[in-house]
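**Student:** Got a predicted structure plus its sequence, pasted below:
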Amino acid sequence: MTQETPYMTTKAGFIALIGEPNAGKSTLLNRMVGAKVSIVTHKVQTTRARIRGVTIEGSAQLVFVDTPGLFRPRRRLDRAMVAAAWGGAADADIVVLLVEAHRGITDGVERILEELPKSVKSQSVALAINKIDRVKSDALLSLTKDLNDRFGFIETFMISAEKGHGVQDLRSWLAKSLPEGPWLYPEDQLADLPMRMIAAEMTREKLTLRLHQELPYQLTVETEGWEERKDGSVKVDQIVYVARDGHKGILLGKKGETIKGVSQASRAELEEFLGRRVHLFLQVKVRPNWLDEAERYSEMGLDFKDGGA
């Protein structure tokens, strides 16, 4: 389908995916868009920026806002992430709440259901019960009824974002439900997040997978330099900011092995994503107060003011 489609038949709009951390929002976005644009790991709270994925379904252009997971915020960074999540939902044409089938209505889901009527005024809100392969059908039906009794969802979908089950039904419904209007992005544009941020997210994902416990949430990655070279390759300079000296040692690893492994994995993924050679250089810097610096937040696509207590 090209953009020569008559104006009145084209549709376009923003879709916000909301839910608890690890509910499968990023996996679903990547499944819908068909490329890895949002950081996906087994650790919670790994999506920080409002990354948008763009995909075409028939004559409709679906623009996804992949919001950070909604959880009880403790630190300024957490508060900014939660504000970003609700901000993304309030700006969208359609909101899809993802709930994990095997976990059901947790305290976190309860809080989201309480907040939904206050934060999402006029939009259509659909329910997507994810990871359906992990529960029996009678439990699924009971959960569906429970959730719909608590909030007036316009539609309910049973999906497995990881395996792809039910995703096409959701995609078709979204395309049908968006408002009529011209497309918002050129057809070949995958995500509107600058490449520097996507590159930083990829490195942060590798660090998150490699390191354990609290450390991944005490670090941030920024792409400081992006130089296009004549031979078609790109030179990327990144800085990993950590809060403590001890963290720097953990990050570097014995004889620099940890950071070297992270750099290689990140470079390989970046090369695959860009389809060309990448020269990636990583530095680790200690910045004790990075969690309270406005500049670090804007690098992640968040608003520092949103984190105010």
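**Tutor:** Right, received. Where do you want to start?
**Student:** Residue ranges in the stretch 51-200 of the chain under the pLDDT threshold?
**Tutor:** Regions of the stretch 51-200 of the chain meeting the criterion pLDDT under 70 cover residues 51-52, 66-90, 121-123, 186-194.
**Student:** In it, mark out all the helices, start to finish.
**Tutor:** For the stretch 51-200 of the chain, the helices defined by DSSP state H, counting those that start in this stretch occupy 76-91, 107-119, 137-150, 167-177, 195-210.
**Student:** Of the ones you listed, which is nearest Arg31?
**Tutor:** Arg31 lies closest to helix 167-177 among the helices of the stretch 51-200 of the chain, at 5.4 Å (Cβ to Cβ). Every residue, glycine included, has its C-beta placed from N, CA and C.
**Student:** quick one: which helix or strand includes the nearest residue to Arg287 once chain neighbours are set aside?
**Tutor:** Spatial nearest neighbour of Arg287, excluding adjacent residues (Cβ to Cβ, 6 or more residues apart in numbering): Tyr241 at 4.7 Å. Per DSSP states H and E: Tyr241 is located in strand 234-242.
**Student:** sorry, back to before: report the beta-bridge partners for the residue nearest to Arg287.
**Tutor:** On the basis of DSSP bridges, Tyr241 is bridged to Thr220, Lys285.
**Student:** I'd guessed it sits against Pro288; true?
**Tutor:** No - counting by Cβ atoms under 8 Å, Tyr241 stays clear of Pro288, with 9.8 Å between them.
**Student:** So for those two, which sits in the more crowded spot?
**Tutor:** Between Tyr241 and Pro288, counting by other Cβ atoms under 10 Å, Tyr241 is the more crowded of the two (22 against 11).
**Student:** What's the separation between the more buried one and Gly261?
**Tutor:** Distance from Tyr241 to Gly261, counting by Cβ to Cβ, to the nearest Å: 19 Å.
**Student:** And Gln61, by the same measure?
**Tutor:** Look at Gln61 and Gly261: by Cβ to Cβ, they are 39 Å apart.
**Student:** How many neighbouring residues does the nearest residue to Ser124 once chain neighbours are set aside have?
**Tutor:** Using Cβ to Cβ, 6+ apart and skipping residues adjacent in sequence, the residue nearest Ser124 is Ile154, 4.5 Å away. Neighbour count for Ile154, taken as other Cβ under 10 Å: 13.
**Student:** I'd assumed Asn148 was in contact with Ile154.
**Tutor:** No - using Cβ under 8 Å, Ile154 makes no contact with Asn148, being 10.3 Å away.
**Student:** I'd like to know which elements the helix ranked longest in the chain is packed against.
**Tutor:** Secondary structure of the chain per DSSP state H: the longest helix is helix 257-274. Helices and strands touching helix 257-274, by 3 or more Cβ pairs under 8 Å, 6 or more residues apart in numbering; DSSP states H and E, are helix 195-210, strand 234-242, helix 245-252, strand 278-286.
**Student:** pLDDT score for Phe304?
**Tutor:** Here the pLDDT value assigned to Phe304 is 52.
**Student:** same thing with the one 3 residues further on?
**Tutor:** At Gly307, the pLDDT value in this model is 57.
**Student:** and if you look at Ala16?
**Tutor:** Ala16 is given a pLDDT of 85.
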